[in-house]
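[1] structure for this input, please:
(4 chains)
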Protein chains: 2
Amino acid sequence: MPRMREKDDAATGAGRRVTMATVGRMAGVSQVTVSRALSDPSKVSPETLRRIREAIEVTGFVPNAIAGALASSRSKLVTALVPSLTNIVYSSFVTTFSDRMRARGYQILLSETGFDPAEEEALISTHLSRRPDAMLLTGIHHSAMARRLLLGAGIPVVEVWDLSDSPIDLCVGFNHAEAGRAVADFAREFGHDTAATVTASDERAHRRQRTFSERFAARGGRRVEDVDVGGPASIGAGRRALAALLDRPSPSCSVVFCSSDLLAHGVMIEARSRGMDIPGDLALIGFGDQDFAQDLDPALTSVRVDRTRLGKDAAGALLARLEHAGAAGPVIDLGFEIVHRAST
Amino acid sequence: MPRMREKDDAATGAGRRVTMATVGRMAGVSQVTVSRALSDPSKVSPETLRRIREAIEVTGFVPNAIAGALASSRSKLVTALVPSLTNIVYSSFVTTFSDRMRARGYQILLSETGFDPAEEEALISTHLSRRPDAMLLTGIHHSAMARRLLLGAGIPVVEVWDLSDSPIDLCVGFNHAEAGRAVADFAREFGHDTAATVTASDERAHRRQRTFSERFAARGGRRVEDVDVGGPASIGAGRRALAALLDRPSPSCSVVFCSSDLLAHGVMIEARSRGMDIPGDLALIGFGDQDFAQDLDPALTSVRVDRTRLGKDAAGALLARLEHAGAAGPVIDLGFEIVHRAST
DNA sequence: TTGAAAGCGCTAACAC
DNA sequence: GTGTTAGCGCTTTCAA
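    Next up is the predicted model:
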């Protein structure tokens, strides 16, 4: 028995749903021919093509990618999981990544994990239910179940923002532990004896902070004070962090290493509002080298990571897998660079 | 003749794809029962449910939402088009919107239009091919083709960030023209005679700038200088804008209205680096009331728009349409509020 | 160059 | 409570 259409077409304003069959009927060809005209016009005679295109124009036909994906088991969908969209550090590379993928016909299904592995696991599962052709994850720490799901899906996966010895599949990022150490060396070279760190709630940021502190001590630094802002980075959090530092019993630090430029910016504002000179009274190092770092006064010393390349390489690695099956090595180290400016 | 599987299962590491039929076979029930167990467990006996769940666990089965969507013509997908993700003003409300929709089982397919109507039209078409259950657009200006496509799709649509007399369907935002006027009145009340505007490339920002300038003059202001930064808002752009203003032949303005807090922040940095006092030498008004506005020194006067409510209301309006068919009025005016702080 | 037939993996309707 | 049947709108394969 035929199934009933629930939709009251007149009421919704949508005519009967237009399918390839409808278009074909109008153009005097079968549904398959319409499919061909869309996927490979060279397989269809010019005249037929013309009539089909006309019918598409008239009807406003939009192909049903859902049906296409089901039939072909290629969804042209790539899903991405990032910790936070409001953090420009992540959103900027998502933009690059998306642009690259979109240029090749892929759409991006994006979700935020909020830095929560459990949330990530749940999202991986829902995302996989859309049968994406590939997937991007931020970071290299995922629950066992998450790994299992990903492996079972049998699709290319790229993990970004970090480096791993045992990537799920592909990996594009840099070594956070190394970055922390490099900043410690940098600070020691400038003769700083006492340091402070200001760190947001982000596992990778904490890893940088730890290696910074260890190395700073190992290289003869006298002491390091750590402040955990206990939340996302922001200017306000940076201000409060410096205030907390200066209010400690025996405050003393000549350089502050912040886990992001935003925090460093807050520290800078607080310092100047207290009449401190930067870098005279306090040297400042950020992380991420966001565009505003060079526009601050004084310009902010920071650690540059090429986020644009990160997005491009992640897309490139995935596309290589998607298109030429084989493809390049699984792990790309982007490196980092300390950009020395007036704040140190 | 049965179709061949191209995939070499052993090589990809993915076993034969698990379907509801596979799970059913393992649990000793038919495929439909598995479907029921997932969509409405109360329709299945406890014992059967247990066996099905076990089979799902063992196989790592992830339901195919694509097939589900095709069969039910409900995709549980909502697509959203925003001008830019790296602009926190947009990304922050996307976050709220997504969270709300996700709580009800909808996933969000997100794309950036880059403020380009042609790009938007192309994206609307590809997005519609995924057969979303609803769609969110930023702004109220769309190409004729875009409107036609949207209307033809017969799905709920919400336009945000602006108000319209003739919304496609739903609309949540505020009156930009009014906001510009309100700021002009505010500036005049403080006795400012000469003003400047600094505006990023955003149609809505320009609309605010125009009404500001008109009203400022209408209320007896002597003169307004306009700077168009010709690109996205940034601290650097703000600095350069003030520099350009001050370098003009007869520079004179006692208050600057910026199209975003970010620009205002840049203006503030440039002013202070030139030794100017804020608000003594120059009063400053931003737009958007981003979280850092209150953390600047001096704290920044700005125009607050409740972006969280914007996201919530957009989701709420859509969900109402999606779930109870009828639902509330089509246009929600969120209003705005000038937050007076130390920079004026 | 075109068409017919057979699915893709699920949901909806109906029967038992 | 469970199974059967018939699609959803495409792509793939094969035949003409």
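[2] alpha carbons only for contacts and neighbour counts from here, please
    Will do.
[3] find the closest residue to DNA strand D in the stretch 151-300 of chain A.
    Proximity of the stretch 151-300 of chain A to DNA strand D (C-alpha to the nearest atom of the strand) peaks at residue A:155, 16.6 Å away.
[4] which ones are touching that residue?
    Taking C-alpha atoms under 8 Å, 6 or more residues apart in numbering or on different chains as the criterion, residue A:155 is in contact with A:132, A:133, A:134, A:135.
[5] could you redo the last one with a cut-off of 6 Å?
    Contact partners of residue A:155, counting by C-alpha atoms under 6 Å, 6 or more residues apart in numbering or on different chains, are residue A:134.
[6] any idea how far it lies from residue A:321?
    As judged by C-alpha to C-alpha, to the nearest Å, residue A:155 and residue A:321 stand 9 Å apart.
[7] quick one, grab the pLDDT at residue A:323.
    In the prediction, the pLDDT value recorded for residue A:323 is 88.
[8] next, count neighbours for it.
    Neighbour count of residue A:323, defined by other C-alpha atoms under 10 Å in any protein chain shown: 9.
[9] equivalent analysis for residue A:294, please.
    18.
[10] give me the element the closest residue to residue A:44 other than its chain neighbours is part of.
    Leaving aside its chain neighbours, residue A:44 sits nearest to residue A:37 (5.9 Å; criterion: C-alpha to C-alpha, 6 or more residues apart in numbering or on different chains). According to DSSP states H and E, residue A:37 maps onto helix A:31-39.
[11] buried residues in that helix?
    Neighbour-count burial for helix A:31-39, counted by 16 or more other C-alpha atoms under 10 Å in any protein chain shown, picks out A:31, A:33, A:34, A:35, A:37, A:38.
[12] would you turn those residues into TSV with pLDDT and distance to DNA strand D?
    As requested, the buried residues of helix A:31-39 are arranged in TSV below (pLDDT from 0 to 100; distance: C-alpha to the nearest atom of the strand, whole Å):
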residue	pLDDT	distance to DNA strand D
A:31	96	6
A:33	97	8
A:34	97	7
A:35	97	4
A:37	97	9
A:38	97	7
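[13] ok, which of these also contact DNA strand C?
    Contacts with DNA strand C within the buried residues of helix A:31-39, counted by C-alpha under 7 Å from any atom of the strand: A:31, A:33.
[14] quickly note the distance from the residue nearest to residue A:44 to residue A:294.
    From residue A:37 to residue A:294 the distance is 52 Å (C-alpha to C-alpha).
[15] residue A:190 too?
    20 Å.
[16] what of residue A:153?
    44 Å.
[17] stretch A:73-81 and chain B in contact?
    No: against chain B, stretch A:73-81 shows no contacts by C-alpha under 6 Å from any C-alpha of the partner chain, the least distance being 8.8 Å.
[18] can you check the distance spanned by that stretch, start to finish?
    Calculated as C-alpha to C-alpha, the first-to-last residue distance of stretch A:73-81 is 22 Å.
[19] can you check stretch A:320-335 too?
    From its first residue to its last, stretch A:320-335 covers 22 Å (C-alpha to C-alpha).
[20] residues in contact with it?
    So stretch A:320-335 is contacted by A:170, A:171, A:172, A:173, A:174 (C-alpha under 6 Å, 6+ apart).
[21] burial count for the residue of the stretch 201-344 of chain A found nearest DNA strand C?
    Using C-alpha to the nearest atom of the strand, the single residue of the stretch 201-344 of chain A nearest to DNA strand C is residue A:322, 19.0 Å away. Residue A:322 has 15 neighbours, counted by other C-alpha under 10 Å.
[22] now do residue A:271
    19.
[23] quick check: phi and psi on it?
    Main-chain dihedrals, residue A:271, degrees, to the nearest 10: phi -60, psi -50.
[24] just residue A:337 next, same as before
    Dihedral angles (degrees, to the nearest 10) for residue A:337: phi -150, psi 130.
[25] quick one: residues contacting it.
    Contacts for residue A:337 (C-alpha under 6 Å, 6+ apart) come out as A:303, A:304.
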